[in-house]
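A.B. asks: fold the following and give me the result.
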Amino acid sequence: GDSLFAIAEYHGEQQLIKVDVASGDYERVLGEEDVVNEFDISPDGQVYAIVARPQSPRGIYRLEGENLQPFEIVNRALMADIATGSVEKHSYTAEDGTVLDTFVVLPPNYEEGKRYPGILHTHGGPWAQWDWRFNAESQLFAAQGYVVIMPNFRGSWGYGQAFTDALVGKWGDIDYRDSMDAMDFAIEKGWVDGDRMGVYGWSWGGFLTNHVITKTDRFKAAISGAGETLVVANYGHDEWQRLWAEEPGLPWLEENRDLWDQVSPFYSLDKVTTPTLVVGGEDDWNMPILNSEQLYLVLRRRGIPTQLVVYPGQGHSLSVPSYERDLYERYRDWFGQYLVN
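C.D. replies: Residues are numbered from 1 along each chain as shown. The predicted model follows:
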């Protein structure tokens, strides 16, 4: 054909675009607050897409003209009686002048002028981005009365190759500083009480959380999910062997050793004072559980309040409903203990 359809990430959107094969020009078919997860086109040209929105989980929609019409919304009845927090996207300026985006999820009954306990929710990847899709975890915290801050720090996708490459060789550095600037922005806007803040994330978000707690004591509690601690310990074991050879480079070569040490939170765990819940899956080959065990053991030996929860038979994400419920209850209780009670 003369054109093709594709999903593209762009500045906190996940769009469906149509590309002219000959010229390379493209037009946006779906985007903004409609986050396209998957799509298909019938033989007669009808576009169907799985779409998520800020206040609604994924559903199947049919594109009619320029309008999306519901085709099958599985969770409609479930969500009908659930109050969700409003989701906003804001731009803020990092310390070095770079303009960045952050999503903000407000409590369902948010009152203008009132400061709320705040949670920094760091995304995984780092080759990913926060976007407009329904985020169950952030909505869970918003329902508990928190303002959730979700920055697209440098290294995220959707902002161009240079933006993504800015994190190369600077793991736990530029992403950390961009995230701190996002929290400063939230305090300046009057949303967040700077004396009642927590930080958490999963995968790269857990890794970044581990860096955060070694660099600042401004957070009263942290949750590290499936993160990394002593990075070199993953060499030869996890699924990232090609990446390790490229960045930080082969670990036995003397010229690479400083970078391996620099990107490892392990060597700065003596600075941590933040109570930290550590969680992960027993069979995780992406971010092996040994990283969580290392973090927990150091904090426990140093007398820092901590717990380690390992979910049996689980990989990089949890698939057993009772485990997911247990995880979210632990999230709620951990932050409730240190940020509310």
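
A.B. asks: you'd agree E247 is in a helix?
C.D. replies: Yes: assessed with DSSP: H, G, I helix; E, B strand; the rest coil, E247 lies in a helix.

A.B. asks: hmm, G169 and it touching each other?
C.D. replies: Yes: if you go by C-beta atoms under 8 Å, E247 and G169 touch, sitting 6.9 Å apart. To be clear about C-beta, it is placed using only N, CA and C from the backbone, and glycine gets the same treatment.

A.B. asks: those helices in the stretch 51-200 of the chain, which residues are they?
C.D. replies: 76-79, 136-143, 161-165, 174-188 (DSSP state H, counting those that start in this stretch).

A.B. asks: save the ones you listed as a markdown table, and put in mean pLDDT and mean neighbour count too.
C.D. replies: As requested, the helices of the stretch 51-200 of the chain are exported to a markdown table (pLDDT from 0 to 100; neighbours: other C-beta atoms under 10 Å):
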| stretch | mean pLDDT | mean neighbour count |
| --- | --- | --- |
| helix 76-79 | 84 | 12 |
| helix 136-143 | 96 | 20 |
| helix 161-165 | 95 | 12 |
| helix 174-188 | 98 | 21 |
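
A.B. asks: so after the helix or strand encompassing F5, what's the next helix or strand?
C.D. replies: With elements delineated by DSSP states H and E, F5 resides in strand 3-10, which encompasses its position. Of the helices and strands lying after strand 3-10 in sequence (DSSP H and E), the nearest is strand 13-20.

A.B. asks: give me the buried positions along the helix or strand following that following strand.
C.D. replies: Per DSSP H and E, the first helix or strand lying C-terminal to strand 13-20 is strand 26-30. Across strand 26-30, burial judged by 16 or more other C-beta atoms under 10 Å covers Y26, V29, L30.

A.B. asks: can you redo those residues as JSON lines with pLDDT and distance to Q144?
C.D. replies: Output for the buried residues of strand 26-30, formatted as JSON lines (pLDDT from 0 to 100; distance: C-beta to C-beta, whole Å):
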{"residue": "Y26", "pLDDT": "92", "distance to Q144": "41"}
{"residue": "V29", "pLDDT": "91", "distance to Q144": "37"}
{"residue": "L30", "pLDDT": "89", "distance to Q144": "32"}
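
A.B. asks: out of the residues you listed, which is nearest to V147?
C.D. replies: Minimum distance to V147 across the buried residues of strand 26-30 is 28.8 Å, recorded for L30 (C-beta to C-beta).

A.B. asks: how much space separates the residue lying closest to that closest one once chain neighbours are set aside from S3?
C.D. replies: In this structure, L30 finds its nearest non-sequential neighbour in L16, 4.1 Å apart by C-beta to C-beta, 6 or more residues apart in numbering. Shown here: L16 relative to S3, a distance of 12 Å by C-beta to C-beta, to the nearest Å.

A.B. asks: so between the two, which is more surrounded?
C.D. replies: Each of L16 and S3 has its neighbours counted (other C-beta atoms under 10 Å); L16 has more, 21 against 14.

A.B. asks: V29 is in contact with that one, correct?
C.D. replies: Yes: counting by C-beta under 8 Å, L16 does reach V29; the two are 4.5 Å apart.

A.B. asks: any residues in contact with both of these two?
C.D. replies: Common contact partners of L16 and V29 (C-beta atoms under 8 Å, 6 or more residues apart in numbering): F5, V47.

A.B. asks: how is the protein divided into domains?
C.D. replies: As assigned by automatic domain parsing, the chain contains the domains 3-78, 87-340.

A.B. asks: can you tell me which of those domains the model trusts least?
C.D. replies: The minimum mean pLDDT among the domains of the chain belongs to domain 3-78 (a mean of 91).

A.B. asks: give me the helices and strands touching the strand holding F5, please.
C.D. replies: Contacts defined by 3 or more C-beta pairs under 8 Å, 6 or more residues apart in numbering; DSSP states H and E place strand 3-10 against strand 13-20, strand 35-41.
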